[in-house]
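Asks: below are the sequence and a predicted model; questions follow.
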Protein chains: 2
Amino acid sequence: MDYIEMIGFIAAFLTTAAFLPQVYKTWKTKDVSALSLPMLLMFLVGIILWLVYALYIPSPSMIVTNTITIVSAFFLIYFKIKYGKT
Amino acid sequence: MDYIEMIGFIAAFLTTAAFLPQVYKTWKTKDVSALSLPMLLMFLVGIILWLVYALYIPSPSMIVTNTITIVSAFFLIYFKIKYGKT
């Protein structure tokens, strides 16, 4: 693995590690009031396009981080639909 | 501009457009309780490393989106330090 891909993986680790606790917190508190569904869907489509971009480059670190973020975004959308009604 | 860079820019637009309202909301409400400073700093370092990565590739769409996100992260850190004390 070359240097730049190592930097990518450190970046991926840091940004994902900063994002996942928010997902966990949403799951624990079931507080989805701060999230809007259109925004989550926009975010999901954006991340899917970043994944397409990463697959094309190809960028292993971006592929990993975007895949994790897509799964997280799905969870947030699920929480929003499930808990957003109350 | 080639197709893949166009996809990158659409991705950049969507993910940034989904993120900025959260920054704006934090600014308006001054509610930084959901944000932790260590997490924000981790996120900032991660984004800076993504920018290094993007400059190396080089990826114009990633450079643009990460630059905007770095500025946003700086604002969030500033809000956290300024309003986090109360």
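Replies: Yes, it's here.
Asks: would you map the helices across chain A?
Replies: A:3-29, A:37-56, A:60-83 (DSSP state H).
Asks: find the nearest non-adjacent residue to the most centrally placed residue in chain A, please.
Replies: By Cα atoms, centre = their mean, chain A has its centre lying nearest to residue A:69, at 2.1 Å. Spatial nearest neighbour of residue A:69, chain neighbours left out: residue A:47 (5.1 Å); criterion: Cβ to Cβ, 6 or more residues apart in numbering or on different chains. Glycine gets a C-beta too; all of them are placed from N, C-alpha and C.
Asks: quick one, what contacts the residue nearest to the centre of chain A?
Replies: Residue A:69 sits next to A:16, A:19, A:47 when contact means Cβ atoms under 8 Å, 6 or more residues apart in numbering or on different chains.
Asks: check whether the helix or strand of chain A with the lowest mean pLDDT contacts chain B.
Replies: Within chain A, no helix or strand scores below helix A:3-29, which has a mean of 91 by mean pLDDT, DSSP states H and E. Yes. Using Cβ under 8 Å from any Cβ of the partner chain, helix A:3-29 reaches chain B at A:4, A:7-8, A:10-15, A:17-19, A:21-22, A:25.
Asks: now do stretch A:71-86
Replies: No. Applying Cβ under 8 Å from any Cβ, one finds stretch A:71-86 separated from chain B by no less than 9.5 Å.
Asks: buried ones in that stretch, by neighbour count?
Replies: Neighbour counts over stretch A:71-86 (16 or more other Cβ atoms under 10 Å in any protein chain shown) mark A:72-73, A:76-77, A:79-80, A:83 as buried.
Asks: ok, residue A:61 touching residue A:15?
Replies: No. Counting by Cβ atoms under 8 Å, residue A:15 is not a contact partner of residue A:61; they are 10.4 Å apart.
Asks: mind listing what the residue nearest to residue A:55 when sequence neighbours are not counted touches?
Replies: What sits nearest to residue A:55 in space, not counting adjacent residues and going by Cβ to Cβ, 6+ apart, is residue A:63, at 6.3 Å. With contacts defined as Cβ under 8 Å, 6+ apart, residue A:63 is in contact with A:51, A:54-55.
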